[in-house]
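**Student:** Have a look; sequence and predicted model below, questions after that.
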Amino acid sequence: MSKLGLITKGFVKENPTFVLVLGMCPTLATTTSAMNGLEMGLATMFVLILSNIVISLIAPLVPDKVHIPVYIVVIATFVTVLQLLMQAFVPDVYKTLGLFIPLIVVNCIVLGRAEAFANRNSALDSALDGIGIGIGFTLSLTVIGLVREILGSGSAFGFKFLPSDGILAFVMAPGAFLVLGYLMVLFNKIAKK
Amino acid sequence: MALCLTAVCLLCSAILGVVYAVTFEPIKAAARANLEQSLSEVVPQGCTVNTDADSREMEGVEYQCYEAVDAEGNPCATAVSSTVNGFGGSLTVLVGVMRDGSVCATKVLSHSETPGLGAKCEDSSSAFVKQFEGFDPSVKKLSVRKDGGDVDAITASTITSRAYTLAIENAVKLMKKKEADDE
């Protein structure tokens, strides 16, 4: 597969949210607004790229029996690093995402890419895979967040264009499932053509 | 096998140790800046707030008090961090209480209220939060209209509004008790 193909496959063909349907917990919980979705996507991408690189480098040295604990330790380290950095330099973003940052450790996308891709490919390819899947995840979360924000709060990226509040259900959990479901149908319909 | 796992864990802990040490000061500074910002929002303009908390107890609940002094150095108000049970968990409100017992301004420090409903109490520019600016409990009654008071609740969030009002009431009560204790 070409280097460019490694990146772009994460956008549509192997889109983590709409096609692989991985990492649903942060997808549903953090997409109350477009900005939150974008921030969560970027945070996951940071961890994904770094853990993919490191895991592809150490994979040949790790005995098969302990590979999952080793991968988890590596991922957890990067997540904690991210958490500390965010607390120190972007405390406002950290406050909104809060609980969901530590939960990146158990995000299926990160461990899934380590298992399915990084442990049998070169560091460069793994980094590109991380970028591709990361961008795909970020875009999906931003779109879900944008739709929920427009319908639920009458604003987009914090910019208010409706004087009233919008349909409250879309900001809450049921709206997350509805928007995700309809977007998934739409995405797969368009992607199949 | 065990050796590999041990090595990975050691290496990772070392990395974490370094990052922790590097970010320790900035995290503390960020938390402090955040507190200072919140404190300055609930006391009258031109006042300086002491960021060292003075912890007080009333009816088994701990409150953090921050004393504020005006330009001449006279004590003018106290910012009280007051925690109550909201609709979705603890609701912590920072209440600026003037020397005469009236409320200067309020601000939510942390909450877990329903997004879109009770979470509106977080918006400092909303009418709900604004109504407490200069609220004098000796003239108006500190409880929501549904309970016969003078506080307009957030639509469809009476429980959050009640909790918010209670947090303010507790802060005012605490200051009254402090005054009585001091005399």
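**Tutor:** Yep, it's here. Residues are numbered from 1 along each chain as shown, chains lettered A, B, ... in the order given.
**Student:** Which positions in the helix or strand containing residue B:57 come out as buried?
**Tutor:** Counting by DSSP states H and E, the element that carries residue B:57 is strand B:54-58. Burial within strand B:54-58, assessed by neighbour count using 16 or more other CB atoms under 10 Å in any protein chain shown, is assigned to residue B:56. Any C-beta I mention is one placed from the backbone N, CA and C, and that applies to glycine too.
**Student:** next SSE after that strand?
**Tutor:** strand B:61-69.
**Student:** And the strands in chain B?
**Tutor:** Listed in chain order, the strands of chain B (DSSP state E) span residues B:48-49, B:54-58, B:61-69, B:75-85, B:90-98, B:103-110.
**Student:** List of residues touching the fourth one?
**Tutor:** Just to be clear, that refers to strand B:75-85. Contacts of strand B:75-85 with the rest of the structure, by CB atoms under 8 Å, 6 or more residues apart in numbering or on different chains, involve B:39, B:42-44, B:47, B:49, B:53, B:61, B:63-70, B:90-99, B:104, B:109, B:163-164, B:166-168, B:170-171, B:174-175, B:178.
**Student:** now the residues you listed: which count as buried?
**Tutor:** Taking 16+ other CB under 10 Å as the criterion, what is buried in those is B:39, B:42-43, B:47, B:49, B:63-68, B:91-98, B:104, B:109, B:163-164, B:166-168, B:170-171, B:174-175, B:178.
**Student:** ok, back up a step: format the strands of chain B as TSV; extra columns: mean pLDDT.
**Tutor:** Formatted as TSV, the entries for the strands of chain B read as follows, by pLDDT from 0 to 100:
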stretch	mean pLDDT
strand B:48-49	78
strand B:54-58	77
strand B:61-69	83
strand B:75-85	85
strand B:90-98	87
strand B:103-110	85
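**Student:** closest to residue A:89 out of the ones you listed?
**Tutor:** Proximity of the strands of chain B to residue A:89 was assessed by CB to CB; the nearest stretch is strand B:103-110, lying at 20.5 Å.
**Student:** send the alpha carbons of the closest one over as PDB?
**Tutor:** Below are the C-alpha coordinates for strand B:103-110, written out as PDB (Å, rounded to 0.1, in the frame of the first residue of the first chain):
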ATOM      1  CA  VAL B 103     -24.300  38.600  48.200                       C
ATOM      2  CA  CYS B 104     -21.800  40.200  45.900                       C
ATOM      3  CA  ALA B 105     -21.700  37.700  43.100                       C
ATOM      4  CA  THR B 106     -21.500  33.900  42.600                       C
ATOM      5  CA  LYS B 107     -19.700  31.500  40.300                       C
ATOM      6  CA  VAL B 108     -19.900  27.700  39.800                       C
ATOM      7  CA  LEU B 109     -16.500  26.000  40.500                       C
ATOM      8  CA  SER B 110     -17.600  22.500  39.700                       C
END
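**Student:** Report whether it contacts chain A.
**Tutor:** No - when contact is scored as CB under 8 Å from any CB of the partner chain, no part of strand B:103-110 falls within range of chain A; the minimum is 8.7 Å.
**Student:** what helices or strands is that strand leaning on?
**Tutor:** Under the contact criterion of 3 or more CB pairs under 8 Å, 6 or more residues apart in numbering or on different chains; DSSP states H and E, strand B:103-110 touches helix B:2-42, strand B:90-98, helix B:158-182.
**Student:** Could you identify which of these is most buried?
**Tutor:** When the helices and strands packed on strand B:103-110 are scored by mean count of other CB atoms under 10 Å in any protein chain shown, the highest mean neighbour count falls to strand B:90-98 (a mean of 23).
**Student:** touching chain A at all, that strand?
**Tutor:** No - in this structure, strand B:90-98 remains apart from chain A according to CB under 8 Å from any CB; the gap is never smaller than 13.1 Å.
**Student:** Output the contacting helices and strands for that strand.
**Tutor:** Counting by 3+ CB pairs under 8 Å, 6+ apart, the packing neighbours recorded for strand B:90-98 are helix B:2-42, strand B:75-85, strand B:103-110, helix B:158-182.
**Student:** next one: the longest one to chain centre, how far?
**Tutor:** This means helix B:2-42. 24 Å (CA atoms, centre = their mean, to the nearest Å).
**Student:** Equivalent analysis for the third one, please.
**Tutor:** Its chain's C-alpha centre lies 6 Å from the corresponding centre of strand B:103-110 when counted by CA atoms, centre = their mean.
**Student:** That one to strand B:61-69, inter-axis angle?
**Tutor:** Orientation check (axes from the mean of the first three to the mean of the last three CA atoms, to 10 degrees): strand B:103-110 against strand B:61-69 gives 130 degrees.
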